[in-house]
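In: With the input below, show me the fold.
(one chain, ligands or ions: 3)
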Amino acid sequence: MTRLARRSFLVCCLVFFSGSLFAQEDIRFGIATVRPKAHALTQWAPLGVALNKAFPEYSISIEVFTPAEIQAAVSARQIDFVLASPSSYLLMANRSGLSAPLVTLSNIEQVRPINEFGGVIFTRADTTNIQTLADVAGQTTAISTKGSFAGFEVQAYELSRLGINPDKDMQLVTVGMPQDKVVESVLSGKATVGFVRTGLLESMAGEGALDLSKINVLNRQQLTGYPFAVSTPLYPEWPLSAMPHTSKDVQRKIVSFLLTLHENKKLTDLLGIHGFDVPADYSSVAKLLRDLRLPPFDIAPTFTVSDVMARYRWPIAIGLIALSMIVLLGFFLLWANRRLASEKMLVQTQASKLNERKKQYQQLAEDMPLFLVTFTPDGKLTYLNDALLKFLAMPASQVVGKNFFDLICDQQCEPLKERLNLLTPVDSLASHQQHYGIPEAAAIDHQWIIRGLFDDAGNLSSFQAVGEDVSERKLAEQEIRNLAFYDTLTKLPNRRLLMDRLLLALTGSARTAQYGAVLFLDMDRFKTLNDTLGHDCGDLLLIEVAARIQGCVRSIDTVARLGGDEFVVLLEEVDESPREASQKVAHIAEKIRAALAVPYQLKGNEQHSSPSIGVSLFLGVEQAVDVILKQADMAMYQAKDSGRNAVRFFDPIMQMEVENRAALEADLRHAISDQQLYLYYQIQVDGERRPLGAEALLRWIHPVRGMVSPVEFIPIAEESALILEIGGWVLDNACQQLQLWSHSEAARELTLAVNVSAQQFKQHDFVERVSAAIRFYQIPASRLKLELTESVVLNDVVDVVTKMHALKALGVSLSMDDFGTGYSSLSYLKQLPLDQIKIDQSFVRDIATDPNDAVMVQTMIDLAQNFRLNVIAEGVETEAQLDFLKANGCMAYQGYFFSKPLPIKQFEALL
Ligand code: C2E
Ligand code: MG
Ligand code: MG
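Out: Numbering: from 1, shown residues only. Ligands and ions are numbered 1, 2, ... in the order given. Take a look at the predicted model:
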C-alpha cells in the first residue's frame, strides 16, 4: 500500500468515527481541486482530523469537489466553508453570496511561505524565433484547460494587453490536467508555446521530470523573493470563505484556528502548506475577470443612462459634439453636393444651349449671302463661309490656310495692310473696297468691313471680315445718277446737270476771261408733228435732233435737253473778244440750225422740221445762271417770231421789253382794286346805220402810263390767271350796263358784246358765272353777246360745244370774233352753235383795194349765209368799205367809220 493510500484510509476512518460517536453539529468543508479527488482528499484529510480534535462539539468533514461540483454544492448549500481558486471563489461569491475571504491559503516552498501565484508562458529553449510575448501570436499553444485560472486566464489577460486574443490569434491545443501534459506537448514539439501555473516547471524539475535548461520562459518577471519563474503579475492564493448560513461564531472559531495553523508544524507538513494568512485583496483577480469578461462578469452589467452619463460624461459630450459636427458636415456636404449637382445641370443646359446657339450662328454664317472670313494677323485664313467659297469657286480644303490678302486683293493690298496695322482695341474697324475689273464681263465690286480682335492685354489676336457684293448696288447708283442728271430719252444731260455745268462754266469763264454761250433751241411746230405722227415718231425725231446737235459741237461742250422739244447747248471758252466770240457762236448756231433743218427719215417717212435758236453770250460770274438761260430763251422766241428756222442773239432792247412787260403785269394786278379799268363801248350798226348794239372794250387808264391798250395788257393777263379776274369784272360791268340800258328808251333794244378769252371760257363753271350775272342783274339774256375767238375752240372741242349749247340755252348769243385769222374752217363752223361771225378787220381794211381780200370777205359772207349765221364786219373805216360789204350782203358793221370805242357817257350821247 502506498503512503497516499494509507493516509486516505486513516482519514476516512477518523472522519467516520468522529461523526458517529457524538450527535454533534455538522460542519462541512468543501475544497475544490483540479487534480484527482483522491489525491486532494489525501492532502486535506489531516486538516479534518485536526479540526474535529480542536472542536469536539462539531462534526467537521472535509470534502473535495471538481470546480463544477463545488459550484453545485454551494448552490445547494450542502457545505459551510469553501476553499476554491480565486476565480472560482469570485464566481460563487457573486452567485451564491459567499462571505468575503476569511483567510488566504499560504503555500510553502523551500521553507518559505508563498501566498501568491501567476502564469507561465514558455517555449522550448531552442525555439529562437519566439522571444517576446508579441511573438506568440499565431503559434500552436498547449493549455491544460480554458477554465484554469493560472493555467490559461492569467496568460490570456497578459496577452490581451498586447492586443493578442488567444482564442482568435493563437491555435490552442487543450491537453487536459495535470499541467505536466502541457510541458510534455511543448517538449515533444506538438506545440511551440505552453501555458502553465507558477511552480509547475520547478516542481517537475524537482521530480526529475524536466530539465529547466530546455525551457525558455517568456516575459520573465524579476520578482525579488518569489521563487518561481513567472510571465504575468502575481495573484493571491486561494481564499477560504463561508456560506451565508454559516454562523459567525463557527466562522470566528475556524478562522482563529486556521490563522494559527502554521504553528502546528507537524500538521502543515502533512498538508504540504505553510498555513493560512489574513485575507488577501482579490480585486486584481476581479479586474482580470471583468476585463476578460469571464464569469461572473460574462454577462454585461445593466447600466442606467445616469450611470453611463456619470461615467462617460466628457467622452459623451465630446462624442455628441463631434457627432453633431459630423451630422452638420454631412448636411453641408449633402447641400453642397445637391448644389453642385444643380449647378452641374445648369452648366450642362447652358452648354447645350450654347452649343445650339453656336450651331445656329454657324448655320447663319453659312446661309448668309454676305462673305464671312476670319484670318490670323499675318493673313492666314482660318474660316470662310459658303458664300465666299462659292464666289472663289474653290472647296474649303483648298482655301483654308491660304493668305487672305492673296485671295481677296492680290497685288492691291498694301494700303489695306497698312490700315489694318494701325487698328487698335479702341479703333478696331477698317473698311475696304475691292474692284475686280473682269475682262469681257461686268465688273465686280466688293465692300469689306474688317475688324481686328484683340485679347485682354491689347494684343491683336485675329481678324474677322464681312464682305458684300455691291456690284448691283453700284450699277443701281449709276442708274439713279443717270436718272437724276440725264434725260432718259436722248441720254443728254437734263436741266439739273446743265445748271450745274453752267455754274461751273461761269466760274471757268471768270478764270479764263473767255466768253461762253448758251444756245436755246426749240423745234418748230414739233407739237403738230407729235400730234399728227404720234409720240413714238416725236421721240425718234428728238433722239435724232440730239445726235445732230452733238455732231456739231466739241466734246467739251454740253448738249442738254430741258424737256419737250427744248434743247440747250453750252459752249465754253469760245473767245476772249466779244466780237470774235459772237462770230464763232453764230457760226456754230448756224451749223446746228442747218443740220437740224435737213429732212428726217422717221419710220420710212420724210419729215421736215427746223429749229428756232436763241443765243446768249456770257463772261464771268456777273450774270446769274437762270438769267443767261432766260435771255437765250427770249432770243429763241424772237427767232420764232421772225418766222422760225432762224438764229437770233439776245438783244438788250428785247430785254427791256421783257422787263416792261413784267412791270406792266405787276401794275395790272392792282388795276381792278385801284379802279383803273374802264369799259368803252363801240357801236355796232345795221345797213341803215341804226344802232344794233355795242362791243364792250376794256380800257386801262394807268395813273402814270396813261391809257394802256388791251392789245398790250390782255396777252399779259392771259399768261397769268389775271385774265380770269379781269374777264369776270368785264362780264359783271357789261351786265350791269345792260341792266341800266333796260331802263333807257334809246338803249333798251341794244345788244352788248363781251370779249371772252380762251382761259376764261375754259373755266369749268363759266356757264354758271354767266347765268349768275344775268340773274343777278335781271337782264334779258338775249341782250348779251359773247365774242369768242378761234383759240377758244382750239382747246377741248367737246367741252366748248357743250358749254356753247348751255349758253345758247340761257338765251345768250355767241359771235366768232376775228373770223378768218386762225384755222377758220368749215368743219368747226358746222359744229359750233354760233349766231354770228365777225369778219376780222384785217380783211376789211383792204377790201376796196385788194381783190384777194375782197374775195375772202365775199366767201365769208356767203358761208355765213349758208349756215344761217349773222355776219358783222369790224374795222369799217371808210364808206367804200361799207359799200362793198353792204353790196355783198353783210348785215352789221362796227368801226371808226361809225364811232371809236367811247366811254359810256359819250356812247350814250352818241346814241
Ligand atoms: P377785238 O375784239 O377784235 O376788238 C376790236 C378792236 O378793233 C378794238 O381794239 C377796237 O378799238 C378796234 N377797232 C374798232 N374799229 C376800228 C377801226 O375802224 N379801225 C381800227 N384800226 N381799229 C378798230 P382794242 O379796243 O384796242 O381791242 C383790241 C383787242 O383787245 C380786242 O380785239 C380784243 O381782242 C381785246 N379786248 C378788248 N377788250 C377786251 C375784253 O374786255 N376782254 C378780252 N378778252 N379781250 C378784250
Ligand atoms: Mg371783239
Ligand atoms: Mg376783232
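
In: where does the residue of the stretch 51-200 of the chain found nearest ligand 1 fall, helix, sheet strand or coil?
Out: Residue of the stretch 51-200 of the chain nearest ligand 1, by Cβ to the nearest ligand atom: residue 163 (145.6 Å). For every residue, glycine as well, the C-beta is placed using N, CA and C. Look at residue 163: counting by DSSP: H, G, I helix; E, B strand; the rest coil, its state is coil.

In: Now for it, how many residues are close by?
Out: Around residue 163 there are 9 other residues, counting by other Cβ atoms under 10 Å.

In: and the residue nearest the centre of the chain, what element?
Out: The geometric centre of the chain, computed from its C-alpha atoms, lies nearest to residue 357 (Cα atoms, centre = their mean), at 10.3 Å. Counting by DSSP states H and E, the element that carries residue 357 is helix 305-367.

In: Mean confidence (pLDDT) on the following helix or strand past that helix, please.
Out: Beyond helix 305-367 in the direction of the C-terminus, DSSP H and E gives the next helix or strand as strand 371-375. This predicted structure assigns strand 371-375 an average pLDDT of 91.

In: I'd like the mean pLDDT over the helix or strand following strand 371-375, please.
Out: Of the helices and strands lying after strand 371-375 in sequence (DSSP H and E), the nearest is strand 381-384. Per-residue pLDDT values across strand 381-384 average out to 88.

In: Note down every partner strand of strand 381-384 and its orientation.
Out: Strand pairing for strand 381-384, determined by DSSP bridges: strand 371-375 (antiparallel).

In: Run the chain-centre distance for the partner strand.
Out: What separates the centre of strand 371-375 from the centre of its chain is 21 Å, taken as Cα atoms, centre = their mean, to the nearest Å.

In: Stretch 540-557 too?
Out: For stretch 540-557, the distance between its averaged C-alpha position and the chain's averaged C-alpha position is 59 Å (Cα atoms, centre = their mean).

In: wait, is residue 871 part of a helix?
Out: No: counting by three-state DSSP, residue 871 is not part of a helix but strand.

In: any idea which element the closest residue to it other than its chain neighbours lies in?
Out: Leaving aside its chain neighbours, residue 871 sits nearest to residue 864 (4.3 Å; criterion: Cβ to Cβ, 6 or more residues apart in numbering). Secondary structure assignment for residue 864, by DSSP H and E: helix 851-866.

In: helices or strands next to that helix in the packing?
Out: Helices and strands touching helix 851-866, as assessed by 3 or more Cβ pairs under 8 Å, 6 or more residues apart in numbering; DSSP states H and E, comprise strand 836-839, helix 841-845, strand 870-874, helix 879-887.

In: residues near residue 882, how many?
Out: Based on other Cβ under 10 Å, the number of other residues close to residue 882 is 22.

In: ok, for it, nearest residue in space, not its chain neighbours?
Out: Closest to residue 882 by Cβ to Cβ, 6+ apart is residue 876, at 5.5 Å.

In: for the one you found, helix, strand, or coil?
Out: Under the three-state scheme (three-state DSSP), the conformation of residue 876 reads as coil.

In: Am I right that it is in contact with residue 883?
Out: No: in this structure residue 876 lies outside contact range of residue 883 using Cβ atoms under 8 Å: 10.2 Å.

In: These two: which is more packed in?
Out: A direct count of neighbours by other Cβ under 10 Å for residue 876 and residue 883 places residue 876 higher, at 26 against 12.

In: just to revisit the earlier point, now do the helix holding residue 357: distance to the chain's middle.
Out: Helix 305-367 has its C-alpha centroid displaced from the chain centroid by 33 Å (Cα atoms, centre = their mean).

In: Could you do stretch 883-901 as well?
Out: For stretch 883-901, the separation from the chain centroid amounts to 96 Å (computed by Cα atoms, centre = their mean).

In: Give me the below-cutoff pLDDT ranges for the stretch 401-550 of the chain.
Out: When the per-residue scores of the stretch 401-550 of the chain are filtered using pLDDT under 70, no range remains.

In: List the contacts of the closest residue to residue 227 other than its chain neighbours.
Out: Counting by Cβ to Cβ, 6+ apart, residue 109 is the residue found nearest to residue 227 once chain neighbours are left out, at 5.1 Å. Residue 109 makes contacts with 199, 227, 228, as judged by Cβ atoms under 8 Å, 6 or more residues apart in numbering.

In: Rebuild the residues you listed as TSV, extending it with distance to ligand 2.
Out: TSV is the format used below for those (distance: Cβ to the ion, whole Å):
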residue	distance to ligand 2
199	181
227	183
228	180
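
In: Can I get the buried part of the residues you listed as one PyMOL selection?
Out: Buried subset of the contacts of residue 109, written as a PyMOL selection, criterion 16 or more other Cβ atoms under 10 Å:
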select buried, resi 199+228
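
In: Within reach of ligand 1, which of the contacts of residue 109 are there?
Out: Residues of these in contact with ligand 1 (Cβ under 6 Å from any ligand atom): none.

In: Tell me who's in contact with the residue of the stretch 51-200 of the chain closest to ligand 1.
Out: Contact criterion Cβ under 8 Å, 6+ apart gives no residues in contact with residue 163.

In: and the angle from the helix holding residue 357 to strand 371-375?
Out: Calculated by axes from the mean of the first three to the mean of the last three Cα atoms, to 10 degrees, helix 305-367 forms an angle of 120 degrees with strand 371-375.

In: Helix or strand: which one has the nearest residue to residue 408 once chain neighbours are set aside?
Out: Nearest non-adjacent residue to residue 408, counting by Cβ to Cβ, 6+ apart: residue 434, 6.3 Å away. Using DSSP H and E, the element containing residue 434 is strand 429-436.

In: what are the pairing partners of that strand, and which direction each?
Out: Strand 429-436 has its sheet partners listed here by DSSP bridges as strand 444-454 (antiparallel).

In: Which SSE is immediately downstream of the strand it pairs with?
Out: The C-terminal neighbour of strand 444-454 among helices and strands, as given by DSSP H and E, is strand 460-469.

In: Pull out the buried positions in that next one.
Out: For strand 460-469, burial by neighbour count (16+ other Cβ under 10 Å) applies to 460, 462, 463, 465, 466, 467, 468, 469.

In: Surely the first one is in contact with residue 454?
Out: What that stands for is residue 460. Yes: Residue 460 sits in contact with residue 454 when judged by Cβ under 8 Å, with a separation of 5.7 Å.

In: what are the ranges of the helices in the stretch 701-850 of the chain?
Out: 710-719, 722-742, 758-762, 766-777, 790-794, 797-810, 826-831, 841-845 (DSSP state H, counting those that start in this stretch).

In: Output these in TSV, with distance to ligand 1 and mean pLDDT appended to each entry.
Out: Putting these into TSV (distance: least, Cβ to the nearest ligand atom, whole Å; pLDDT from 0 to 100) gives the following:
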stretch	distance to ligand 1	mean pLDDT
helix 710-719	3	91
helix 722-742	4	96
helix 758-762	7	93
helix 766-777	13	97
helix 790-794	10	81
helix 797-810	16	94
helix 826-831	18	75
helix 841-845	6	93
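
In: would TSV of the ones you listed with mean neighbour count and distance to residue 180 be doable?
Out: As requested, the helices of the stretch 701-850 of the chain are exported to TSV (neighbours: other Cβ atoms under 10 Å; distance: least, Cβ to Cβ, whole Å):
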stretch	mean neighbour count	distance to residue 180
helix 710-719	17	166
helix 722-742	20	165
helix 758-762	19	164
helix 766-777	17	166
helix 790-794	18	169
helix 797-810	16	164
helix 826-831	13	174
helix 841-845	20	186
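
In: Let's have these in TSV, adding distance to residue 818.
Out: Output for the helices of the stretch 701-850 of the chain, formatted as TSV (distance: least, Cβ to Cβ, whole Å):
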stretch	distance to residue 818
helix 710-719	12
helix 722-742	17
helix 758-762	12
helix 766-777	20
helix 790-794	7
helix 797-810	16
helix 826-831	14
helix 841-845	8
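
In: Low-confidence stretches in this protein?
Out: For the chain (pLDDT under 70), the answer is 1-23, 300-303, 654-655, 658, 823-826.

In: Enumerate the residues of the protein near ligand 2.
Out: Applying Cβ under 5 Å from the ion, we find that the chain lies next to ligand 2 at 755, 787, 817.
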